[in-house]
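Asker: Next comes the sequence, and after it the predicted model I'd like to discuss.
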Amino acid sequence: MKLKQSSNTKKPSSILQKPSYHMKTKFVPLILAVLAGGWSNLSSVQAQTTNFVVNEFNSAAEVTNGVPWNGANNGWGNWYGNDFVSVQWDPTSDSSGNPHSGSMLVTLDNSDQYVLFDGFFTFGVSAVNFTNLQFDVRYDASSAIRTNGDGSIDFGFVQVGCWNQYNQDYFGSFAIPATNAAGKPNTNWTRINIPLNAVTDPVQTNITDVLFHAYHPGYGNQDMVGATKYWLDNIQFVGASAVSNPPPTLTVSAATPALRIFASEGEYNREDLATTDGNASWVGGTYPVSYSFTLSGFPNCATYQGYQFAMFLIPSAYLPYGPYDNSYADWDSTNDLWVQIMGNATNYYANVAWKTGLPGANPNNTVAKLYTGSAVGTWKLTFSDATDGVLTAPDGTSAPFSLPLAMTAQFANPLVAYFGIEANTTGNVGQYVDVSKITVSGTAGQAVSDNFATDSSLNSGTWNQLGSSSAAVLATSDTPWWISWTLPDFGFDLGTKASLSDTVTPWYNPGYYSGYFSTPIVNQEGTIKWALIPSECLPSNTNAFFLLQNPPIYE
């Protein structure tokens, strides 16, 4: 186990493609089939990109095909705010003078604000590959203006960005001067280039729409009164890199009922369950006192060396932040006894160790150690009295130990038992342990016998969860499949259907089949995304095909 470095860092009817007359990214869907319990990989292809054109407004369909807020694809409209009046296709105004094209005319009344956008999940691009968002804009001479402190006038301050978890993420802004160099009304087309940077703004790693926002009671637009009309044209992402990201790789596996705990964040982040009962010490219990946990899945020891599952027994009096306010309780506490399970190049091993009076460190007194061929199965720590105990591995291998009497006096109640994982290397981030059962018996406090294989939810009366709130996911008999895929997955979405030979029924988002009362739990863990699929989100009781689609499934 390595030392702690720092604290925590922490859809949609048929598929519609946005019109484009430039070469752009095109994907053949990657499909996996679940057929009577088996699965097979059917296809995966990706082509190289140049620019990604969002809209050239060559036809009215690029403006009016759908209403964004209602979930249709390709439709420009207002997300919220009272400024919005209308959008319409104008075939008489094109930034390049192309008689076979046009632009989008936006009409506003400037009384409040507006968020003009083209819908949720209408495409998928990444600032990893593109350097700028570019578009052309032109204002009507009658549009409202604002007067700046230096006496200059313009058509107001407009922000440009994308959707971000029901909020907005802004890449940049513009304000077009209301007069030209000759002092006349400025009705010329202006090309706007907004730089993108996925490093400083991680939201830009997965851009799925474009939006324009202006807030007239603020941002210096307070004095703008009256209507505004402007045209937009040639919205595109430019500056594609020469490197092509590979398409995601999709995997499906049966979800055995258990609590899956991921190493969700950094290499030294802990993801723990802590007993809500604070009297979990073996000291002063009714002997034998035992702590046991059953693991039904553990990372391969040779591939993921150092990945750790551990139990910590920590007296609350020796915790500087309290037992539930810090996911580094084992490190920050002055006193700790642990059972640590890890793997090396050839096998798995476990040790029992303790510390007292040593904050900011791992236990430094090892009293028992054993090696075993597998971490899967039931591990048990049993105390026959306050000082003597034995650690038993799933294969029956055991290691007895004795503790100093003076040391045990510092582990009396109140004490909390913690069970959880730590990656210990960056390469282990995203790996997981499946926990089937945890029991605690013989202590003075509440006995614990939690069978996660039969639970319908994590019992908040028994456990406090420390670390990432998404790191522990309970698979039940009603969630039969884990679907996972590699990153990057920019613009991809998961779909399912019962038969590939059925050309009438479209691919649907899995939530469609439950009426969106139940949807898959999707988490990113390291470089993998995981989706736990409920039974009610499957299209059939026998067959299901899964697909990752770009552009995304829309229903």
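Answerer: Right, received. Where do you want to start?

Asker: How many residues are close by residue 121?
Answerer: Residue crowding around residue 121 was assessed by other Cβ atoms under 10 Å; the count is 19. Placement of C-beta: from N, CA and C, glycine included.

Asker: Please confirm that it is located within a helix.
Answerer: No: counting by DSSP: H, G, I helix; E, B strand; the rest coil, residue 121 is not part of a helix but coil.

Asker: Residue 547 versus that one, what's the distance?
Answerer: 15 Å (Cβ to Cβ, to the nearest Å).

Asker: got the phi/psi numbers for the closest residue in space to residue 445 that isn't next to it in sequence?
Answerer: Nearest-residue entry for residue 445: residue 279, 2.8 Å, with adjacent residues in sequence omitted and distances by Cβ to Cβ, 6 or more residues apart in numbering. When quoted as degrees, to the nearest 10, the phi and psi of residue 279 stand at phi -120, psi 50.

Asker: count of neighbours near residue 279?
Answerer: 17.

Asker: thought it was touching residue 415?
Answerer: Yes: in this structure, residue 279 sits in contact with residue 415. The criterion is Cβ atoms under 8 Å, and the distance is 7.1 Å.

Asker: Poorly predicted segments of this protein, please.
Answerer: In the prediction, the chain carries residues with pLDDT under 70 at positions 1-49, 65-74, 165-166, 240-246, 490-491, 551-552, 554-555.

Asker: Please, where are all the helices along it?
Answerer: Read by DSSP state H, the chain holds these helices, from start to end of the chain: 61-64, 329-332, 405-408.

Asker: okay if I get those as a markdown table plus mean neighbour count?
Answerer: Listed next are the helices of the chain as a markdown table, based on neighbours: other Cβ atoms under 10 Å:
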| stretch | mean neighbour count |
| --- | --- |
| helix 61-64 | 20 |
| helix 329-332 | 23 |
| helix 405-408 | 14 |
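
Asker: quick one: which of these is nearest residue 534?
Answerer: Using Cβ to Cβ as the measure, helix 329-332 is the one of those that comes nearest residue 534, at 33.3 Å.

Asker: tell me how far the closest one is from the chain's mean position?
Answerer: Averaging C-alpha positions (Cα atoms, centre = their mean, to the nearest Å) puts helix 329-332 27 Å from its chain's average.

Asker: which residues touch that helix?
Answerer: For helix 329-332, contacts defined as Cβ atoms under 8 Å, 6 or more residues apart in numbering pick out 3-4, 270, 272, 274, 310, 312, 314, 319-321, 323, 326, 336, 338, 359-362, 416, 418, 466.

Asker: how about a cut-off of 7 Å?
Answerer: Taking contacts as Cβ atoms under 7 Å, 6 or more residues apart in numbering, the residues outside helix 329-332 that touch it are 4, 312, 314, 319-321, 323, 326, 336, 338, 359-360, 418.

Asker: now swap in stretch 269-280 and tell me
Answerer: Taking contacts as Cβ under 7 Å, 6+ apart, the residues outside stretch 269-280 that touch it are 8, 261-264, 316, 323-324, 327-328, 413-422, 440, 443-446, 448, 461-468, 471-472.

Asker: Next step: these restricted to strands.
Answerer: Taking DSSP state E as the definition of strands, these contribute 261-262, 415-422, 440, 448, 463-466, 472.

Asker: Mind checking which of the residues you listed are buried?
Answerer: Buried members of the ones in strands among the contacts of stretch 269-280, counted by 16 or more other Cβ atoms under 10 Å: 261-262, 415-422, 440, 448, 463, 465-466, 472.

Asker: Next, give me the two most distant ones among those residues.
Answerer: Taking Cβ to Cβ as the measure, these reach their widest spread between 262 and 415, a distance of 26.8 Å.

Asker: Number of residues surrounding the nearest residue to residue 185 once chain neighbours are set aside?
Answerer: In space, residue 185 comes closest to residue 141 once its chain neighbours are excluded; the distance is 3.9 Å by Cβ to Cβ, 6+ apart. The criterion is other Cβ under 10 Å. On that basis, residue 141 has 11 neighbouring residues.

Asker: again, but for the one 4 residues further on
Answerer: Here the number of neighbours of residue 145 (other Cβ under 10 Å) works out to 20.

Asker: looking at it, it is touching residue 152, isn't it?
Answerer: No: with contacts defined as Cβ atoms under 7 Å, residue 145 does not count as touching residue 152, sitting 10.0 Å away.

Asker: beta partners of residue 350?
Answerer: Judged by DSSP bridges, the bridge partners of residue 350 are residue 341, residue 370.

Asker: same thing with residue 533?
Answerer: As assigned using DSSP bridges, the partners bridged with residue 533 are residue 481.

Asker: Please apply the same query to residue 194.
Answerer: Each beta-bridge partner of residue 194 is listed here, defined by DSSP bridges: residue 133.

Asker: what sits against the residue nearest to residue 524 when sequence neighbours are not counted?
Answerer: In space, not counting the residues next to it along the chain, residue 524 is nearest to residue 487; the distance is 7.2 Å by Cβ to Cβ, 6+ apart. For residue 487, the set of contacting residues under the criterion of Cβ under 7 Å, 6+ apart consists of 248, 527, 529.

Asker: Angles on the backbone of residue 487, please.
Answerer: Recorded main-chain torsions at residue 487 are phi -110, psi 160, according to degrees, to the nearest 10.

Asker: Go through the helices of the chain and name the closest to residue 506.
Answerer: Using Cβ to Cβ, the nearest of those to residue 506 is helix 61-64, at 19.3 Å.

Asker: export the closest one as PDB, just CAs?
Answerer: Written as PDB, here are the backbone C-alpha positions of helix 61-64 (Å, rounded to 0.1, in the frame of the first residue of the first chain):
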ATOM      1  CA  ALA A  61     -34.900  21.200 -42.200                       C
ATOM      2  CA  GLU A  62     -31.700  22.200 -40.500                       C
ATOM      3  CA  VAL A  63     -33.700  24.800 -38.500                       C
ATOM      4  CA  THR A  64     -37.100  23.400 -38.000                       C
END
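
Asker: Make residue 1 into 350 and carry on from there
Answerer: Taking 350 as the first residue, the last one we looked at is helix 410-413.

Asker: which helices and strands does that helix pack with?
Answerer: The contact analysis (3 or more Cβ pairs under 7 Å, 6 or more residues apart in numbering; DSSP states H and E) places helix 410-413 against strand 433-439.

Asker: quick one, what contacts residue 539?
Answerer: The neighbourhood of residue 539, defined by Cβ under 7 Å, 6+ apart, consists of 485-487, 525.

Asker: for residue 805, same thing?
Answerer: For residue 805, the residues meeting the contact criterion (Cβ under 7 Å, 6+ apart) are residue 825.

Asker: Dihedrals phi and psi, it?
Answerer: Recorded main-chain torsions at residue 805 are phi -100, psi -20, according to degrees, to the nearest 10.

Asker: Can you tell me how far it is from residue 823?
Answerer: 8 Å.

Asker: Are there residues contacting both of the two? Which ones?
Answerer: Overlap of the contact sets of residue 805 and residue 823 (by Cβ under 7 Å, 6+ apart) is empty.

Asker: Determine the number of other residues adjacent to the nearest residue to residue 465 once chain neighbours are set aside.
Answerer: Counting by Cβ to Cβ, 6+ apart, residue 561 is the residue found nearest to residue 465 once chain neighbours are left out, at 4.5 Å. Neighbourhood size, residue 561 [other Cβ under 10 Å]: 22.

Asker: Tell me how far residue 561 lies from residue 886.
Answerer: In this structure, residue 561 and residue 886 are separated by 35 Å, where distance is defined by Cβ to Cβ.

Asker: Then residue 706?
Answerer: Taken as Cβ to Cβ, the spacing of residue 706 relative to residue 886 amounts to 52 Å.

Asker: Between these two, tell me which one has more neighbours.
Answerer: Between residue 706 and residue 886, counted using other Cβ under 10 Å, the more crowded position is residue 886 (25 against 8).
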